[in-house]
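Undergrad: any chance you could fold what I've pasted below:
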Amino acid sequence: MDALQEAGHEALKLGWGCPLEAPIQGVQAMFGTELLGYINYFLPLSEMAAILSVWVVSIGAYYIASVALRWVRAIS
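TA: Sure thing, here's the model as predicted:
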């Protein structure tokens with residue numbers, strides 16, 4: 001578990017970051033931060049983006065582990 005956390009920290013240090021940062025920055029540039037604050041009051045976009053990022057990484061890790069285990073024929 002510690003190795004997985006370290007790998008995640010190293011990935012963030014390399015600049016990979018959150019895959020949803022670019023669209024969020026584009027929305028901020030388009031609407032401005034004040035309007036985004038009002039929208040965020042009713043629809044928590046930053047929390048939704050964080051949850052979506054974690055979900056995508058989790059699903060990706062599941063499929064990578066599944067493929068690796070099928071490759072070594074540990075599961076069918």
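
Undergrad: any chance you could map the helices in the protein?
TA: 2-13, 21-31, 33-42, 45-71 (DSSP state H).

Undergrad: give me the buried positions along the longest one.
TA: Within helix 45-71, the residues that qualify as buried are residue 49, counting by 16 or more other CB atoms under 10 Å. No exception for glycine: its C-beta is placed from N, CA and C like everyone else's.

Undergrad: show me what that helix is packed against.
TA: helix 21-31, helix 33-42 (3 or more CB pairs under 8 Å, 6 or more residues apart in numbering; DSSP states H and E).

Undergrad: for that helix, the averaged confidence score.
TA: Regarding helix 45-71, the rounded mean pLDDT is 91.

Undergrad: same question for the first one.
TA: Averaged across helix 2-13, the pLDDT comes to 65.

Undergrad: can you tell me how far residue 67 is from residue 74?
TA: Using CB to CB, to the nearest Å, we find residue 67 at a distance of 11 Å from residue 74.
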